[in-house]
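Asker: any chance you could fold what I've pasted below:
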Amino acid sequence: MRTLLIIAVLLAASAGGANAQTPAREAELRAAIASFRTALNSGDSVAFFRLLAPDLEVFAPGAHPIRGTAARESFRPLFTAMKTEISPFTSEEITLAGDIAIQRHTFTLSTTPRSGGPTTSSMGSGLHIWKRSPEGRWQIVKDIWTNPPAR
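Answerer: Okay, the predicted model is just below:
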């Protein structure tokens, strides 16, 4: 419920018109989104985890929400147990309101066990809610996604 309230406030705030900082903030955000994908695809866990807020909350399909260290650590196997590749996001929409942004996207994620075995791919849609830190770094504070069944 709190997440829905945050989204509603952000959407209302974004309807009030753009300010002079919006193009620069959007460029910073898009750079962070590109860094997220690059870090994941290159196996750079340090860069990847730097993009996750300490209080990150993850809403994965079929699971209870997790927050903080447990949420961050839920991504560790993408670097330790698997070789991971995420395709460029498609159907992307960005809503920016000051130091908060919502990124809606679709994705394809492929993982291959480092110990060998077949590659598994999944497709889905997601929302990343980003927050700009006082130091000026964009970090994901909410990661929400779906993995609909294949058609």
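Asker: would you point out the helix or strand in the chain whose mean pLDDT is lowest?
Answerer: helix 2-14 (a mean of 51; mean pLDDT, DSSP states H and E).
Asker: after it, next one along is what?
Answerer: Next along the chain after helix 2-14, taking DSSP states H and E as the criterion, comes helix 22-42.
Asker: which elements pack onto that following helix?
Answerer: helix 45-50, strand 82-86, strand 90-97, strand 100-113, strand 120-132, strand 138-146 (3 or more Cβ pairs under 8 Å, 6 or more residues apart in numbering; DSSP states H and E). Heads up, the C-betas are built off the backbone N, CA and C, glycines and all.
Asker: how about TSV for these, with distance to Ala24, mean neighbour count and mean pLDDT added?
Answerer: Formatted as TSV, those follow (distance: least, Cβ to Cβ, whole Å; neighbours: other Cβ atoms under 10 Å; pLDDT from 0 to 100):
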stretch	distance to Ala24	mean neighbour count	mean pLDDT
helix 45-50	20	15	97
strand 82-86	26	17	95
strand 90-97	10	14	95
strand 100-113	13	18	96
strand 120-132	11	17	96
strand 138-146	12	20	97
